[in-house]
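A.B. asks: pasting the structure only:
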């Protein structure tokens, strides 16, 4: 009887362990308010992504997070995007970042030096390629998301259009160098004059904008299960 109970207990532990492993998220999301917006309502980009893929996504994105961030304490709380990472059995890491560095760091005006600190024109050097290379060492595949563009002159980010295009181009070059990295552009999602993809501040995405971004990311992951 004792032997039977031991065998039963071992079988139960194995089953429970397997079930737990199956329920663990294999997708990690990192980034700024583009991924964190609508998080409380379960409508953020990673939330929608989870629904589209029918699997959990662990969202570590923090509003106001930067790629280049020097304050140690708040950086450890996630305001430095790199510090949002947590070890895990990640198959995919989906991230974004750089918008706050450009908008708040230099007002999207004469941002050449700051942009190059994040990522060089050829996509090989800078804080973003270093971060992506670090994430790739975990054997996870990486999807780097671009940002929605301004729908018109009424938006505070209208002046960021050129910098956004340059950032996108450099991210695309970075992704081409590694078969395990994808760049997903969001530059053509918002029609000119259509305010529905942005929130009231005309900077952050609306729920519609978040859903549209998630759909593009989901297509990449779905094609490479």
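C.D. replies: Right, received. Where do you want to start? Please read all numbers here as calculations on a predicted model, not as lab measurements.

A.B. asks: in stretch 82-97, what's buried?
C.D. replies: Of all the residues in stretch 82-97, those buried under the rule 16 or more other C-beta atoms under 10 Å are 82-85, 90-97. The C-beta positions use only the backbone N, C-alpha and C, and glycine is treated the same way.

A.B. asks: Work out the gap between it and the centre of the chain.
C.D. replies: Mean-position distance between stretch 82-97 and its chain equals 8 Å (C-alpha atoms, centre = their mean, to the nearest Å).

A.B. asks: And for stretch 176-187?
C.D. replies: Distance of stretch 176-187 from its chain centroid, counting by C-alpha atoms, centre = their mean, is 12 Å.

A.B. asks: do stretch 100-110 as well
C.D. replies: On C-alpha atoms, centre = their mean, the centre of stretch 100-110 falls 19 Å from the chain's centre.

A.B. asks: Now that stretch: buried residues?
C.D. replies: 100-103, 105, 108.

A.B. asks: Apart from its neighbours in sequence, what residue is nearest the residue nearest the centre of the chain?
C.D. replies: By C-alpha atoms, centre = their mean, the chain has its centre lying nearest to residue 95, at 2.0 Å. Distances taken as C-beta to C-beta, 6 or more residues apart in numbering put residue 30 closest to residue 95, at 4.1 Å, once the chain neighbours are dropped.

A.B. asks: so where do the helices sit in this protein?
C.D. replies: Under the criterion DSSP state H, the chain contains helices at 2-23, 33-36, 45-53, 72-74, 99-106, 112-118, 127-136, 161-176, 207-223.

A.B. asks: any idea which of those helices is most buried?
C.D. replies: Mean neighbours per residue, mean count of other C-beta atoms under 10 Å, is largest over the helices of the chain for helix 33-36, with a mean of 26.
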